[in-house]
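> structure, please.
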Amino acid sequence: LGGALPAARIAPGGTCRRAFQVGAELATEGQLRLAMAEFEQGAGVRERLLAAHPNDVVTRRNLMLAYAHLADVLGNPFMVHLGETAAARGYYRKAVALAEQNALADERNRTAQYDLACARLRLGVVDVTQSGLSESLGILLESAAAFEELSLADPGDLRYKQELATAEEYIANRLLALGRGPEAVASYRKSLADAGAILAIDPTEPSGPLASPRGRPRSGRRSGDLGRPEGALAQARETIARA
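Residues are numbered from 1 along each chain as shown. As a prediction, the model looks like this:
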């Protein structure tokens, strides 16, 4: 990673890009503490830029992404992380706050609305204790509603359906943990339906359709809905067939 220009000769934007590129490579290699150091450097530069230009929506969005990188390394359940979930939630909350500002600045800006829905989703899926389940559920419900609205406005964009399927799976996880089994089953089914819609548009799409089945048999045993052995077996076969 040597050969960099002296710091005085690197523009702030170049410093950020280099820090995040290096951080991403280190994270991919599993060197998470070193990745954190790079991401922190980039975030620090972007914080100073936003302080100098507080109304710049691009700078605000860049800082939002910087906080998301930090939170990912700390506790994103979709990747290898450091297990520092409280710190991850702190950075995701910062990302949500910045995304909310951009979304309010232009309610017709679909990218800003998508950013906000994504930031809420990432905050909502971070592992929580029993006391944090209700708050997590509320955040996930907000995220799912936004993705559903975006998907209705642009049915051909798979991103919205993919994120919606994920949000509904985690909504089901939270409902299940709160002892609301029948509601959890309904949310798992919605997740599977959204995943099926993705396959209908793009049969080669590998993500999404395998996400929800892992929760359904477990929720069925507790809710009485999918607790029949034949139902569990059918669900397992469907999952294997999709794989």
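
> mean confidence score for the strand or helix carrying Ala197?
Taking DSSP states H and E as the definition, Ala197 sits inside helix 181-201. The pLDDT scores in helix 181-201 average 89.

> shift numbering so it begins at 439
Will do, 439 is the new start, and the previous item becomes helix 619-639.

> off-centre distance for that helix?
18 Å (C-alpha atoms, centre = their mean, to the nearest Å).

> how about stretch 601-613?
Distance of stretch 601-613 from the chain centroid (C-alpha atoms, centre = their mean) equals 11 Å.

> residues in contact with that stretch?
When contacts are defined by C-beta atoms under 8 Å, 6 or more residues apart in numbering, stretch 601-613 is touched by residues 555-556, 559, 562-563, 571, 574-575, 578-579, 581-582, 585-586, 589, 619, 621-626, 628-630, 632-633, 636, 646, 649-650, 653, 657. For glycine as for every other residue, the C-beta is placed from the backbone atoms N, C-alpha and C.

> same thing with stretch 517-529?
Under C-beta under 8 Å, 6+ apart, the answer for stretch 517-529 is 465, 468, 470-471, 474, 505-506, 508-514, 561, 564-566.

> mind listing what's buried in the helix holding Ala635?
Buried residues in helix 619-639, counted by 16 or more other C-beta atoms under 10 Å: 619, 621-630, 632-633, 635-636.

> ranges for the strands of this structure?
Counting by DSSP state E, the chain forms no strands at all.

> name the nearest residue to Leu578, sequence neighbours excluded.
Distance criterion C-beta to C-beta, 6 or more residues apart in numbering; nearest residue to Leu578, sequence neighbours excluded, is Gly562 at 3.8 Å.

> okay, stretch 524-540 in PDB with CA atoms only?
C-alpha atoms of stretch 524-540 as PDB (Å, rounded to 0.1, in the frame of the first residue of the first chain):
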ATOM      1  CA  ALA A 524     -23.500  -0.800  20.100                       C
ATOM      2  CA  ALA A 525     -20.900   1.200  18.300                       C
ATOM      3  CA  ALA A 526     -22.300   0.000  15.000                       C
ATOM      4  CA  ARG A 527     -25.700   1.300  15.900                       C
ATOM      5  CA  GLY A 528     -24.200   4.600  16.900                       C
ATOM      6  CA  TYR A 529     -22.700   5.100  13.400                       C
ATOM      7  CA  TYR A 530     -25.800   3.900  11.700                       C
ATOM      8  CA  ARG A 531     -27.800   6.400  13.700                       C
ATOM      9  CA  LYS A 532     -25.500   9.100  12.400                       C
ATOM     10  CA  ALA A 533     -26.000   7.800   8.800                       C
ATOM     11  CA  VAL A 534     -29.800   7.800   9.300                       C
ATOM     12  CA  ALA A 535     -29.700  11.400  10.600                       C
ATOM     13  CA  LEU A 536     -27.800  12.600   7.500                       C
ATOM     14  CA  ALA A 537     -30.000  10.600   5.200                       C
ATOM     15  CA  GLU A 538     -33.100  12.200   6.700                       C
ATOM     16  CA  GLN A 539     -31.700  15.600   6.100                       C
ATOM     17  CA  ASN A 540     -31.100  14.900   2.400                       C
END
